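In: one predicted model, sequence on top.
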Amino acid sequence: MQMTSPRQAPLVPSQNRVPSQNRLLTSLSRDAKARIIPNMENISLSQGEVIFQAGDTERFVYFPNDCLLSLLYVLENGKSTEIAVVGSDGFVGSDALLGEGTSWSQALVQNAGTAYRIRASVLREEFYRNSELQTMVLLYIQSAMIQTALVAACNPHYSIAQQLCCKLLFSLDRLGGDELTLTQEAIANALGVRRESVTDAANLLREQGAIDYCRGHIKVLDRTRLEELSSECYSVVTAESDRLMPWQVSPAANSSHG
C-alpha cells in the first residue's frame, strides 16, 4: 500500500488545544500538558492511510483522539497480521520516542478521525525529565506488549469467529460507541486469514444476534453476547490493561461494575 501523508487540520490557539479524548494525554498533570500541548499538531486521518511503513525512520508520535490505528506486520509475500490496535487509550511511535531506530511494523488507519502529532525529539525531552510521563508511557507499552503476546498465543487455538469477536471488542474499547467501519478484507488482513473465512464468521455472529453487518459497516447489537463468544484472550488482556493503567478503565470494566 502506498504511503500517504496525514492531512494537517487547521490549528487553533495552543491554550485551547487541550486533547479531550486521548486518555493518556488527559491523565497528565497540568504542568506536563503545558509543556507538551503547544508542540502538538491536530491532524485528520482517513481510513486506509499508512502513517509509516516497516523500515521507515519514525519522527513523530501520534496520540489518537477519535480514530483507530492498526499496527501490522507485513510479510515479504504481502500477507499481514495485526500486532495491536491503538485508539484513545494510547499512542503510536514508541520506536521514535525511545530511540532513533526504524519501525518494524506498519501503522494503518483503521477508522478515520483525528489525532495529535508531536515530534519524537520534543516528546523525548519531556519523557526523560518527567517521571509521571515515563511511568504512564512504559505501562502503556507493557500493556500493548501483553495484548500482542496473548493474541498471538490464543489465536491458533480458537476459531476465526472467536478471533473476530476479540478484534471487534478491542477496537470498540479504543474507539468508543458500538459501530465500526471495517471491511471484510481489512479484517482478513488483520487476522491473517482468508476473506471467505471472515464472511462465514461474520454471518455466524449475525445469526447469534451479536452484530449486524452491511457493506463494511459493523454495528454491535449485543456486546454481552459478543464477549461470551470471544476467546479468553479478550478478558485477560482487558484485565491486565485495567490493572496496569488504572487512570483509564476500559468500557468492559465499567459495564461489569454497573
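Out: Nice, thanks for sending it over.

In: okay, and the beta partners of the residue nearest to Val92 when sequence neighbours are not counted?
Out: Spatially, and ignoring its direct neighbours in sequence, Val92 is nearest to Tyr62 (4.6 Å; C-beta to C-beta, 6 or more residues apart in numbering). (C-beta placed from N, C-alpha, C; glycine too.) Beta bridges link Tyr62 to Val92, Arg117 when assigned by DSSP bridges.

In: how about the strands in the stretch 1-150 of the chain?
Out: For the stretch 1-150 of the chain, applying DSSP state E, counting those that start in this stretch gives strands covering 7-8, 41-45, 50-52, 60-64, 68-74, 80-86, 106-111, 113-119.

In: the stretch 151-258 of the chain now?
Out: Along the stretch 151-258 of the chain, counting by DSSP E, counting those that start in this stretch, strands occupy 179-181, 211-214, 217-220.

In: using a markdown table, lay out these together with distance to His157.
Out: Conversion of the strands of the stretch 151-258 of the chain to a markdown table gives the following (distance: least, C-beta to C-beta, whole Å):
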| stretch | distance to His157 |
| --- | --- |
| strand 179-181 | 25 |
| strand 211-214 | 23 |
| strand 217-220 | 24 |
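
In: run through who's touching stretch 118-136.
Out: Defining contact as C-beta atoms under 8 Å, 6 or more residues apart in numbering, one finds that stretch 118-136 is touched by 24, 27-29, 32, 35-36, 39-41, 58-61, 63, 93, 96-98, 137, 245, 247.

In: about what we covered before: out of the strands of the stretch 151-258 of the chain, nearest to Leu169?
Out: Closest to Leu169 of these, according to C-beta to C-beta: strand 217-220, at 8.6 Å.

In: sorry, back to before: Ser159 is nearest to which of the strands of the stretch 1-150 of the chain?
Out: Across the strands of the stretch 1-150 of the chain, closest to Ser159 is strand 80-86 (C-beta to C-beta), at 16.8 Å.
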